[in-house]
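K.L.:
Any chance you can model this:
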Amino acid sequence: IYLILARATARRKEIAIRLAIGASSGRIRRQLIVESSLLAMAGAGAGVVCARWLAAALVRGASRDTTRIHLDASLDLTVLAFTGALLAAVVLIAGCIPAWSAVRGAIGEHARGVTASKLATRLRGGLIVLQVGLSLALLIAAGLLIASLRSVLHETTGFDTAHAVFITPDLYNAGVSPERMPQAYASMLEETRRMPGVRAAAWTMHVPMSGGLEAFTIELPDRPGIPPADRMVFSHQVTDGYFQASGVPLVAGHDFAPRGAAGPKASIVSRNLAIKFFGSPEAAIGRRLKPGSLDWTEVIGVAADAKFQDVREPDPPTVYTSYWDQRTTLGMTLLVNHTGPTEPVVTAVGALARREAGRTPFTQVSTLPANIAASLVTERLLTMMLTAFGGFALLISATGIVGLLSYTVQLKRRDIGVRIALGATPSAIAREIESNGLLLAVLGLAVGGALSWAMRRLIEAHLYRVKSGDPVIWIAVSAVVLLCAVGAS
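P.N.:
Here you go, the predicted structure:
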């Protein structure tokens, strides 16, 4: 709107001549509105053409090789109609204001134009301040989310599975009976461990970052007074070799025995559970506990803490039981820690599953990095959208500053000429005009800072290990906005 104002102001002499030779002010205003409408229609057409491409680019940016986002990016008629109505209103405002101002200035309504022009200038400056403030608020929110996303991606999960793959064959629906399932799992595990490049392999009931764990209360014979809510832990069934394959180290005790080994039913607990109920990892060894409806077990080991449901969650207290001791599930996942490419391992395990089932079972394949990426889709999409909106708002603000300063120069051309004739230097006049733009930018920073501070509670729910008032992010974003304002001025 400010660029249109500057253009219309520059045409005041032309408009005055047309009025002098008989053109009506209404006709000239209609012409200026039509010109603004044509510009808006051209921009709207370009926006419609680019909308689908931008939506696809946003989806591609938030997706990863193993995590694809599927969104319907087709044009919606209701949204298109609403946007068209909004555009018509903006065109009416953006066209009428420059048209009225230009014609009025050309007619020479000086008596009531002095006060009106001051008020109009303040209103225009206020709009620039608001635009700069909104762009700052959006960019601060985007900066906080980017920092939060970095913190999540660098958070340790407790697993060391950079060269591991989770393979889940549906043997039950492929024809393997529950009675034959343990033998099938044992045979596949033995064959997998003999494959070239396989460092460790084990069956596990849960794949990290892909869903919830089973929760239950544990019974402790020597701690009868603990309330049930405080004895709530997570359950995880695995086979021997799981901790070596997953990279979760044992901090005390030893691993489960292989299938068929004699001995009491055993369990392994996480370090935080051992400290909570037994005082230390070493003190937990040899103690007895009953995980929910399962049989009583003897604690033979303590594992390091690990995250299973969400990277942002606290490490859950976990009880690991041996699948060979207490078979309660028909769906297990084979965790294979290997060297080299993943595809040959997946193909070989698929052949083993086909041999056990007699036909090819439905099989899911995943990795821990892919699961983490899938769990962060919402954060990544929100971060990209806020960054894009903030960038567009900043571009509009910079364009507004350019337009407003151009309009101001057009209004003060005669005054500037008089001042230069009286001895003022062009550089001094330029600095004065630039200072006006910088003043608007500084006021916009103050408004944006106050808005961001007032709304910080809304963004805190989406942050991880990042404070909503992080001074580094606030200063960096404010500096970027101020530099853009300096460039625009």
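K.L.:
Can you pull the poorly scored residue ranges out of the stretch 151-300 of the chain?
P.N.:
In the prediction, the stretch 151-300 of the chain carries residues with pLDDT under 70 at positions 212.
K.L.:
Strands along the chain, start to end?
P.N.:
Remark: strands assigned in the chain by DSSP state E are 164-169, 198-204, 214-219, 232-238, 250-253, 266-270, 288-291, 297-303, 318-322, 333-338, 363-366.
K.L.:
Go through those strands and name the closest to Gly43.
P.N.:
Proximity to Gly43 (CB to CB) singles out strand 363-366 among these, at 44.6 Å. Where C-beta positions appear, they are placed from N, C-alpha and C, glycine not excepted.
K.L.:
tell me what that closest one is packed against?
P.N.:
Using 3 or more CB pairs under 8 Å, 6 or more residues apart in numbering; DSSP states H and E as the contact definition, the elements that strand 363-366 packs against are strand 164-169, helix 343-357.
K.L.:
Check which helices and strands the shortest one is in contact with.
P.N.:
Yep, that's strand 164-169 we're talking about. Using 3+ CB pairs under 8 Å, 6+ apart as the contact criterion, the elements in contact with strand 164-169 are strand 333-338, helix 343-357, strand 363-366.
K.L.:
What is the burial count for Pro316?
P.N.:
Residue crowding around Pro316 was assessed by other CB atoms under 10 Å; the count is 20.
K.L.:
what are the phi and psi values for it?
P.N.:
Phi and psi for Pro316, reported as degrees, to the nearest 10, are phi -80, psi 140.
K.L.:
got a list of what it touches?
P.N.:
With contact taken as CB atoms under 8 Å, 6 or more residues apart in numbering, Pro316 is in contact with 213, 233-234, 270, 307-309.
K.L.:
got a winner among the residues you listed for most neighbours?
P.N.:
Highest count within the contacts of Pro316 by other CB under 10 Å belongs to Ser270, 27 neighbours.
K.L.:
Can you say which of the strands of the chain is packed in most?
P.N.:
strand 266-270 (a mean of 27; mean count of other CB atoms under 10 Å).
K.L.:
Restricting to C-alpha, output it in CSV.
P.N.:
Written as CSV, here are the backbone C-alpha positions of strand 266-270 (Å, rounded to 0.1, in the frame of the first residue of the first chain):
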residue,chain,number,x,y,z
ALA,A,266,14.8,-64.0,36.1
SER,A,267,14.4,-60.3,35.5
ILE,A,268,16.6,-57.3,34.8
VAL,A,269,15.7,-53.8,36.0
SER,A,270,16.7,-50.4,34.9
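K.L.:
Could you spell out the sheet neighbours of that strand, each with its direction?
P.N.:
For strand 266-270, sheet partners with direction are given as strand 297-303 (parallel), strand 318-322 (antiparallel), following DSSP bridges.
K.L.:
Save these as TSV, and put in distance to Leu134 too.
P.N.:
As requested, these are arranged in TSV below (distance: least, CB to CB, whole Å):
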stretch	distance to Leu134
strand 297-303	50
strand 318-322	46
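K.L.:
Out of the ones you listed, which gets nearest to Ile401?
P.N.:
Across the strands paired with strand 266-270, closest to Ile401 is strand 318-322 (CB to CB), at 56.9 Å.
K.L.:
got a list of contacts for the closest one?
P.N.:
213, 218, 233-240, 242, 256-257, 265-270, 273, 289, 291, 294, 297, 303, 306, 308.
K.L.:
what angle separates it from strand 232-238?
P.N.:
Interaxial angle of strand 318-322 relative to strand 232-238 (axes from the mean of the first three to the mean of the last three CA atoms, to 10 degrees): 30 degrees.
K.L.:
confidence score at Leu92?
P.N.:
With respect to pLDDT, Leu92 has a value of 68.
K.L.:
Just the helices from the stretch 351-489 of the chain, written as ranges.
P.N.:
Under the criterion DSSP state H, counting those that start in this stretch, the stretch 351-489 of the chain carries helices at the ranges 368-375, 377-411, 413-421, 426-454, 456-460, 471-488.
K.L.:
how about these in CSV, adding distance to Val319?
P.N.:
Output for these, formatted as CSV (distance: least, CB to CB, whole Å):
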stretch, distance to Val319
helix 368-375, 21
helix 377-411, 31
helix 413-421, 81
helix 426-454, 45
helix 456-460, 33
helix 471-488, 41
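K.L.:
Kindly reformat the ones you listed as a markdown table and extend each row with distance to Ala284 and mean neighbour count.
P.N.:
Shown next, in a markdown table, are the helices of the stretch 351-489 of the chain (distance: least, CB to CB, whole Å; neighbours: other CB atoms under 10 Å):
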| stretch | distance to Ala284 | mean neighbour count |
| --- | --- | --- |
| helix 368-375 | 27 | 19 |
| helix 377-411 | 36 | 19 |
| helix 413-421 | 83 | 12 |
| helix 426-454 | 47 | 16 |
| helix 456-460 | 37 | 14 |
| helix 471-488 | 42 | 16 |
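K.L.:
Which of the ones you listed has the lowest mean pLDDT?
P.N.:
For these, the bottom mean pLDDT is recorded on helix 377-411, which sits at a mean of 78.
K.L.:
What is that one packed up against?
P.N.:
When contacts are defined as 3+ CB pairs under 8 Å, 6+ apart, helix 377-411 packs onto helix 2-10, helix 25-62, helix 113-153, helix 426-454, helix 471-488.
K.L.:
hmm, try it at 10 Å
P.N.:
In this structure, helix 377-411 packs against helix 2-10, helix 25-62, helix 77-107, helix 113-153, helix 426-454, helix 471-488, with contacts taken as 3 or more CB pairs under 10 Å, 6 or more residues apart in numbering; DSSP states H and E.
K.L.:
Between those, which one is closest to Ala398.
P.N.:
In terms of CB to CB, the element of the helices and strands packed on helix 377-411 nearest to Ala398 is helix 471-488, at 4.0 Å.
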